[in-house]
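Undergrad: sequence plus the predicted model coming up.
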Amino acid sequence: MIRFDLKCTDNHVFEGWFGSSADYESQKERGLLECPICGDGRIGKAPMAPNVASRKDFGTRAPVPVPTGSTPATTGSVEGEVEITPARMVAMLRTLRRHVEQNAEHVGTKFAEEARKIHYGEAEERGIYGEATPEEVEDLQDEGVEIGSIPWLPDSDH
C-alpha cells in the first residue's frame, strides 16, 4: 500500500491509501475519491513531508506536524476548520478499513514476503495487506519497500 496526503477544494487534508500510484490515478479519473470531511469529489495530492526512519529511531519518531490550513485529527477546533471528534475519527478509520479490504488482497502473515516480491518485480504489482512483525517491517523499510501501517479497528462496536 502507498499513502498520499490528499486535499479537497475546501483545503481539508486527509490520507488516502492505494495499491500503487496508478491505482490513485485510476480512482481519481473515475471520480471515486471523496473528502471524508465534506464529501467534495474534487481531490488532489497535498504536499507531504518525508518520513524516513532509521533502525535507531524506528517506532520512536514524533508525528510529522500538520501543515497550516489542514484539518488536525484532534478534538479541538480552530476557526474555519472542521472539528474531528473521536467518534468521527473512528468512523473514518472503519471506512479506511473497508476500503482496504475491498481494494487490496489479504495475504495474512506472508505480508513481508509478498511485499518484497512485488517490490523486486517477482510478483504482480497490486495492493496487499496483512500482518508483519516489527523486525519484518524494519527489514522492509531498510530495503526501500514502501509500506504503511494503519490502525485496524473492528467494523462495529459490537
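TA: Now that the structure is in, tell me what you want to look at.
Undergrad: tell me the SS of the closest residue to residue 114 other than its chain neighbours?
TA: Using Cβ to Cβ, 6 or more residues apart in numbering and skipping the chain neighbours, the partner closest in space to residue 114 is residue 107 (4.6 Å). C-beta: built from backbone N, CA, C; applies to glycine. Following DSSP: H, G, I helix; E, B strand; the rest coil, the label given to residue 107 is strand.
Undergrad: can you list the neighbours in contact with the longest helix that the chain contains?
TA: Secondary structure of the chain per DSSP state H: the longest helix is helix 86-103. Here helix 86-103 makes contact (Cβ atoms under 8 Å, 6 or more residues apart in numbering) with 1, 14-15, 17-19, 23, 36, 73, 75, 84, 127, 129, 150-156.
Undergrad: so how far is residue 33 from residue 131?
TA: Distance, residue 131 to residue 33, by Cβ to Cβ, to the nearest Å: 27 Å.
Undergrad: who's more crowded, those two?
TA: More neighbours surround residue 33 than the other of residue 131 and residue 33, with 18 against 13 (other Cβ atoms under 10 Å).
Undergrad: so what's the residue count around the residue nearest to residue 114?
TA: Residue 107: 16 surrounding residues under other Cβ under 10 Å.
Undergrad: all numbers from here: first residue = 4
TA: I'll keep to 4 as the first residue from here, and by that count the last item is residue 110.
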